[in-house]
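*Asks:* sequence unknown, structure follows:
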């Protein structure tokens, strides 16, 4: 299997849609929620806003990596595993310029570039991945893969294996017969992909949120592969607080009568439960500042007449949240969400008996970039593992994304830390 | 209707259960979650821990206030309204020593004292209400009433009218035929109760959380009644963020197949949905620090073998949260929770077209006491209305509860601000 074909689409600098300044913040507010929680092809709103600084655009294509058989961290076997992947830049002759990007909970391998010129928006971290950018594809071969149990199971640009996949031994979807998978399993599939390309060491692994969990698990599990690790809005482990908080994302799905203990038919999925889950995820990833600005745009007023008239009516802000979640749910699978929740709940860097043991194994230089307004994976989580590394006299840097988007700062506003990321990657 | 009979039960100072210091913090951690979210009679754990400073205990009894007919803020009529109430201290001859206590979302009128000597725990704010305490029942007549649609509909010590009540015109529970009610309706029922006692002015109104919403609505709607108002862990309005956040409490109930659009039978209620809702409420009201201490006590480890073995198993922290929520749900009504959510979503002090207009009407001296670690009603909400009052050159004080219990600081640790409350109430 060869490296990804990468094409540069040159654009004249400044040849971007002119957006009236007065409405730009509004558009930006609407778009960020889409960016994080949509399936990748829905993340196409507000393209021009995000691309204003861009002078050239990567064109990328999705490829597929297959394994006849994969054994999970929990000791179960899955046959015929396949995941999608994409890459940007050129693999060097001695294959020593590889940066692995690991994606967030509702994300995919589409980290940068566009599938075609007409795509409205590029991949989620396009602001820092590309020619001349912080993760410079003129120097690095940047690769990203869809995880197992990827949330966007019905997105044409996502390839994944999970409960919605056909179980070869029954000819029907696995449902809850699919084994529990962990962050380590996502890492192990990525490692097999890299090995299939003849790669045996990374320049760095970099990821946001659930991607940061994968990044630090890489550093602990395979320290000889990982000289540099960047954790954006991440954690060293899922502590009791986070493990419990994640359960509230699963509860609405389990309550939906269409869920049927995971054995729903594809034409009657638990959409209401999945929508309720996405509503909560969206709120957890954002902030009062974001919601109140959104409320202002909607003309939100707590004494709106409809919700006063009937318990079955809703406020404008609730309807906005519900409708966007419902639209996003169309390409997502509810069981996949349950499995992603569990993977995150079971996370501890290194997947040993505790975090201390996991940190002991790390050899990488590390950079932690939490967001100061993050209410989902609060900065204390990154600080905790950063301090554990410092206590071991490891080289570990720490800086915060400052802003009002909460957890979403790590995706929508990552370019604020472009310089820190660039310098960290250039460091020997 | 006469004032409540109040009996003082004298206890020797220091005659309290001896609790080993090593387990005291653990007990305290377990008990605070119970305190806020349990039905009142379940809030009896850890009694001795809370009472250690106490030298005498109020004995109180529940009374019932009835109205033949009540017209809601939304213009609907409810017949045969009844709510429970209790009082501590003695009403002065000219009835000018009344302090009204307004309760929180899952609370009741049981703010202080015990129903009998053998009660394990007193009312939720017993640490600041009683003879010689911050809200001194040697001086003040302290009164508290159950709200309409009180969550603890099946608690013997709660009397309320809501969707679970029998609709006189059908002989069956109202279900969703019950009209939407607002914080103003809770206030108006309290006002009718006070008027039935010949009271026409308060010394102060004081409440935590949803009780703080009632307190400031009192100050705005009936400014001539309210010379002093204390808002603990409160807000001036439910902003877009809070309105959306509250909806996640309602979603699990609506998803439960037993809910049946609110027409469930009392012997087959939507318990799973109600339990999921209470799990989320509990987490929203607490903090990482609390959950991680609880996790330590449970021996929580993210790589526990059960949740790795099956997607249908759960981590110890999740099971702990689920079991406590399920136990608490037994005396609660799911439709009542939906109506409480809506009352809070519709809240703006004064219930006029916006908060500015509501603040304009306030004449009271005010004291705001948010909790610095509160993740549910964050301090910015209290700061906002406090600043609006200061901008009008009103007398407004602001101080914070410092601690690790989040929102729950305002209930479990209110005694930290006993001095500020006492001084504020003594102030002319």
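*Replies:* Happy to help now that I have it. Here the structure is a predicted model, which means the values were calculated and not measured.
*Asks:* element containing residue A:321?
*Replies:* Using DSSP states H and E, residue A:321 sits in helix A:316-329.
*Asks:* in the stretch 101-250 of chain A, what residue is nearest chain B?
*Replies:* Of the residues in the stretch 101-250 of chain A, the one nearest chain B is residue A:240, at a distance of 2.7 Å by C-beta to the nearest C-beta. For every residue, glycine as well, the C-beta is placed using N, CA and C.
*Asks:* now that residue. Nearest residue, chain neighbours left out?
*Replies:* Nearest-residue entry for residue A:240: residue B:295, 2.7 Å, with adjacent residues in sequence omitted and distances by C-beta to C-beta, 6 or more residues apart in numbering or on different chains.
*Asks:* ok and the residue in the stretch 301-428 of chain A nearest chain B?
*Replies:* Across the stretch 301-428 of chain A, the shortest distance to chain B (C-beta to the nearest C-beta) belongs to residue A:317, at 4.3 Å.
*Asks:* any part of the strand or helix carrying residue A:385 near chain B?
*Replies:* Counting by DSSP H and E, the element that carries residue A:385 is helix A:379-391. Yes: under the criterion of C-beta under 8 Å from any C-beta of the partner chain, helix A:379-391 makes contact with chain B via residue A:380.
*Asks:* residues in contact with that helix?
*Replies:* The list of residues contacting helix A:379-391 from outside it, by C-beta atoms under 8 Å, 6 or more residues apart in numbering or on different chains, reads A:216, A:231, A:233-237, A:239, A:242, A:349, A:355-356, A:359, A:362, A:366, A:368-372, A:396, A:398, A:400, B:288.
*Asks:* and the longest strand seen in chain A, how far out from the chain's middle?
*Replies:* Longest among the strand segments of chain A by residue count, using DSSP state E, is strand A:77-88. Relative to the mean C-alpha coordinate of its chain, strand A:77-88 is positioned 16 Å out (C-alpha atoms, centre = their mean, to the nearest Å).
*Asks:* ok, the helix or strand following that strand: who's next to it in the sheet?
*Replies:* Going down the chain from strand A:77-88, the next helix or strand is strand A:98-101, by DSSP H and E. Taking DSSP bridges as the criterion, strand A:98-101 sits next to strand A:141-145 (parallel), strand A:204-208 (parallel) in its sheet.
*Asks:* so which elements touch the helix or strand following the first one?
*Replies:* For strand A:141-145, the succeeding helix or strand toward the C-terminus, using DSSP H and E, is strand A:166-167. For strand A:166-167, the packing partners by 3 or more C-beta pairs under 8 Å, 6 or more residues apart in numbering or on different chains; DSSP states H and E come out as strand A:172-173.
*Asks:* is chain B contacted by the next helix or strand after the strand it packs on?
*Replies:* Along the chain past strand A:172-173, the next helix or strand (assigned with DSSP H and E) turns out to be helix A:183-196. No: taking C-beta under 8 Å from any C-beta as the criterion, helix A:183-196 and chain B are apart, separated by no less than 10.0 Å.
*Asks:* would you mind getting the angle between helix A:183-196 and strand A:204-208?
*Replies:* Following axes from the mean of the first three to the mean of the last three C-alpha atoms, to 10 degrees, one obtains 140 degrees for the angle between helix A:183-196 and strand A:204-208.
*Asks:* against residue A:178, how distant is the residue of the stretch 51-200 of chain A found nearest chain B?
*Replies:* Across the stretch 51-200 of chain A, no residue is closer to chain B than residue A:74, which sits at 5.0 Å (C-beta to the nearest C-beta). Noted for residue A:74: a distance of 11 Å to residue A:178, by C-beta to C-beta, to the nearest Å.
*Asks:* of the two, which one has the most company?
*Replies:* residue A:178 (25 against 16; other C-beta atoms under 10 Å in any protein chain shown).
*Asks:* ok, now which ones touch that one?
*Replies:* Contacts of residue A:178 were listed using C-beta under 8 Å, 6+ apart, and they are A:78, A:149, A:162-163, A:165, A:167, A:335, A:339, B:311.
*Asks:* could you check the angle helix A:183-196 makes with the helix or strand containing residue A:337?
*Replies:* Using DSSP H and E, the element containing residue A:337 is helix A:334-345. Following the same axes, to 10 degrees, one obtains 100 degrees for the angle between helix A:334-345 and helix A:183-196.
*Asks:* give me the buried positions along whichever helix or strand comes after helix A:334-345.
*Replies:* On the C-terminal side of helix A:334-345, the nearest following helix or strand under DSSP H and E is helix A:355-360. When neighbours are counted by 16 or more other C-beta atoms under 10 Å in any protein chain shown, the buried residues of helix A:355-360 are found to be A:355, A:358-359.
*Asks:* in TSV, list those along with pLDDT and distance to residue A:197.
*Replies:* Compiled in TSV, these are given as follows (pLDDT from 0 to 100; distance: C-beta to C-beta, whole Å):
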residue	pLDDT	distance to residue A:197
A:355	98	31
A:358	98	27
A:359	98	29
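*Asks:* which of the residues you listed sits closest to residue B:280?
*Replies:* Nearest to residue B:280 among the buried residues of helix A:355-360, counting by C-beta to C-beta, is residue A:355 at 26.5 Å.
*Asks:* sorry, back to before: leaving out the residues flanking it, which one is nearest to the residue of the stretch 301-428 of chain A closest to chain B?
*Replies:* For residue A:317, the closest residue by C-beta to C-beta, 6+ apart turns out to be residue B:240, at 4.3 Å.
*Asks:* from residue A:318, how far off is the one you found?
*Replies:* When distance is defined by C-beta to C-beta, residue B:240 is 9 Å away from residue A:318.
*Asks:* ok, now residue A:335?
*Replies:* Per C-beta to C-beta, residue A:335 is found 26 Å from residue A:318.
*Asks:* check residue A:416 too.
*Replies:* Residue A:416 sits 31 Å away from residue A:318, taking C-beta to C-beta as the criterion.
*Asks:* neighbour-wise, which of the two wins?
*Replies:* residue A:318 (23 against 19).
*Asks:* so what's the more buried one up against?
*Replies:* For residue A:318, the contact set (C-beta under 8 Å, 6+ apart) comprises B:243-244, B:247, B:345.
*Asks:* coming back round to it: quick one: the helix holding residue A:337 near chain B?
*Replies:* Yes: Helix A:334-345 lies in contact with chain B when judged by C-beta under 8 Å from any C-beta; the contacting residues are A:338-339, A:342, A:345.
*Asks:* and if you look at stretch A:356-370?
*Replies:* No: with C-beta under 8 Å from any C-beta as the threshold, stretch A:356-370 lies outside contact range of chain B, at a closest distance of 10.1 Å.
*Asks:* where in the stretch 51-200 of chain A is pLDDT low?
*Replies:* Within the stretch 51-200 of chain A, the stretches with pLDDT under 70 are A:51-56.
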